[in-house]
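# got a sequence here, can you build the structure:
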Amino acid sequence: MLRVYGVLAAILDVAVKDRRLLSNPARGINLPRKTKKEHVYLTHDQVSALAMAAGDRGTLVLTLAYCGLRWGEAVGLRVKDLDMLRRRIKVTVNAVEVGDRIEVGTPKTHKRRSVPFPALLALPLAQQCEGKSGEDLVFSSRHGTHERRSHNGHGWFPAAVAAAGLPAITPHTLRHTAASLAVSAGANVKAVQRMLGHASASMTLDVYSDLFDDDLDAVAERLDQGLAHTVVGKLWASRAAT
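This is a model prediction of the structure:
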């Protein structure tokens, strides 16, 4: 609903600018507050089970879950975008489905970025590139074209999810999972922002604020440890003991 309103309001803004309307009747309306969806985060074991169930698309699953690429960024990857020596993925394009066509453009934020991948992914990624030229797709379909999203619960991804015994999820869940696994591994918000390609760290915090709750607890514990070594801290500790 909010997205439809935004499109309509933008169209009417153009009409006002062209003097076809005196004012935009869509502006100044009180809209219902947007409710934030709860994210689903998979564990390492769940990602592993999903990759195994995906068969020859398992490397794509692992890349989505451990590198945080958007679906279009992953399926748009070309062999030349992989730096195997530095273990980096150069995200330069985004392949988006528009009807029955694939439109290849820039990433969502129009900014290219470099994303690290785990060492254990090096061999599977190298195998994906065997016999291909630099311009070929890393994760191509069996016909050498872009992989397609699954629609209406049909396709290889829902089948793999069911075979792995996971709740109903989409490929985008793996992007959320990448953020969760990175934070649990000790990544700070700036690192997560750079990995995901968010426009700002504040956007990352807004989207994944729940992931940093434990960080706040850790900060409080470290502050408590620092306070404990001061004169005031020792005084309070002695009073608490009595």
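
# switch to C-alpha atoms for all contacts and neighbour counts from now on
Will do.

# where does Gly6 fall, phi/psi-wise?
Main-chain dihedrals, Gly6, degrees, to the nearest 10: phi -60, psi -40.

# from Leu12, how far off is it?
10 Å (Cα to Cα, to the nearest Å).

# again, but for Val98
Relative to Leu12, Val98 is positioned 25 Å away (Cα to Cα).

# check Lys190 too.
For Lys190, the distance to Leu12 - Cα to Cα - is 37 Å.

# which helix or strand contains the closest residue to Leu21 other than its chain neighbours?
When the adjacent residues along the chain are set aside, Leu21 lies closest to Ala15, with 5.8 Å between them (Cα to Cα, 6 or more residues apart in numbering). Using DSSP states H and E, Ala15 falls within helix 2-17.

# can you tell me the SS state at the spatially most central residue of the chain?
The centroid of the chain falls nearest to Arg175 when counting by Cα atoms, centre = their mean (3.1 Å). Under the three-state scheme (DSSP: H, G, I helix; E, B strand; the rest coil), the conformation of Arg175 reads as helix.

# what packs against the lowest-mean-pLDDT helix or strand in the chain?
Confidence across the helices and strands of the chain bottoms out at helix 231-241, with a mean of 71, counting by mean pLDDT, DSSP states H and E. The elements that helix 231-241 packs onto, with contact taken as 3 or more Cα pairs under 8 Å, 6 or more residues apart in numbering; DSSP states H and E, are helix 213-228.

# do a quick rundown of the strands in the chain.
Secondary structure of the chain by DSSP state E: the strands cover 82-83, 88-91, 94-98, 101-105, 113-116.

# about what we covered before: give me the contact list for the helix holding Ala15.
21-27, 31, 34 (Cα atoms under 8 Å, 6 or more residues apart in numbering).

# how far is that helix from where the chain is centred?
Computed by Cα atoms, centre = their mean, to the nearest Å, the separation of helix 2-17 from the middle of its chain amounts to 28 Å.

# likewise stretch 93-107?
Relative to where its chain is centred, stretch 93-107 has its mean C-alpha point 17 Å off (Cα atoms, centre = their mean).

# show the end-to-end separation of that stretch, please.
Here stretch 93-107 reaches across 5 Å from its first residue to its last, counting by Cα to Cα.

# flag every buried residue along it.
93-96, 102, 106-107 (16 or more other Cα atoms under 10 Å).

# Serialize those residues to CSV and add fields for pLDDT and distance to Leu181.
Compiled in CSV, those are given as follows (pLDDT from 0 to 100; distance: Cα to Cα, whole Å):
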residue, pLDDT, distance to Leu181
Val93, 90, 24
Asn94, 90, 23
Ala95, 89, 25
Val96, 86, 26
Ile102, 84, 30
Thr106, 83, 26
Pro107, 81, 23
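
# with distance to Ala160 added, can I get those in TSV?
Putting these into TSV (distance: Cα to Cα, whole Å) gives the following:
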residue	distance to Ala160
Val93	26
Asn94	24
Ala95	22
Val96	22
Ile102	24
Thr106	29
Pro107	27
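
# max pairwise distance over those residues: which two?
Spatial extent of the buried residues of stretch 93-107 (Cα to Cα) is set by the pair Ile102 and Pro107 at 14.0 Å.

# no further questions, thank you.
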